[in-house]
Each structure stands twice: as structure tokens, then as C-alpha cells.
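**Student:** Sequence and computational prediction follow.
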Amino acid sequence: MDGDVENRVECYSGFEYPERPLAVIWQGERLEVDEILESKRTPKGKTFRVTVKNGLVFVLEYDQHADRWSIIPG
């Protein structure tokens, strides 16, 4: 979280949550996912490395036990 701005991930959930990320809310701006560069399952949950429409790259880590996303730029 950055001040009063909530960073979060919007994702598609079909058979399971999260199936794939659709957008990242980063510093008050909604950035649509352009491409999923990598997707993997970890003991905690799923991790995605994505590019968004403005060219930024994010690593999105979902901790299924805490039901919480971590959004890591770069």
C-alpha cells in the first residue's frame, strides 16, 4: 500500500482463483495486463510475471493462505 492508495490485482477466475491476472491497480492507476511472461505455482500460491499496457513489468505473487497479493515492480 502506498499512502491512501490501495494497490491490488484484478484477475479472471474460472475453475480456480486466480486463473490469470487482468489488471494491476498501481499507485491509483488501473494498468491492463498486456502479456503474461511467466506463470508458476509455489507452495504459497501462484506467481505471475507480467507486462502491462504502458510497458512496466510486475511480479504478482498470490499467497492463498493469507488471501493477499504482493505486487513487485520490475
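**Tutor:** Happy to help now that I have it.

**Student:** Tell me where the model's unsure across the chain.
**Tutor:** The model of the chain has pLDDT under 70 over residues 1-5.

**Student:** tell me, what residue is most central in it?
**Tutor:** Central residue check for the chain by C-alpha atoms, centre = their mean: the C-alpha nearest the mean position is that of residue 60, 3.7 Å away.

**Student:** Got phi/psi on that one?
**Tutor:** Its backbone dihedrals place residue 60 at phi -110, psi 120, with angles given as degrees, to the nearest 10.

**Student:** Pull the residues that contact the longest strand anywhere in the chain.
**Tutor:** When secondary structure is assigned using DSSP state E, the longest strand within the chain turns out to be strand 29-41. In this structure, residues lying in contact with strand 29-41 by C-beta atoms under 8 Å, 6 or more residues apart in numbering are 10, 20-25, 46-54, 56-57. (Glycine included, C-beta is placed from N, CA and C.)
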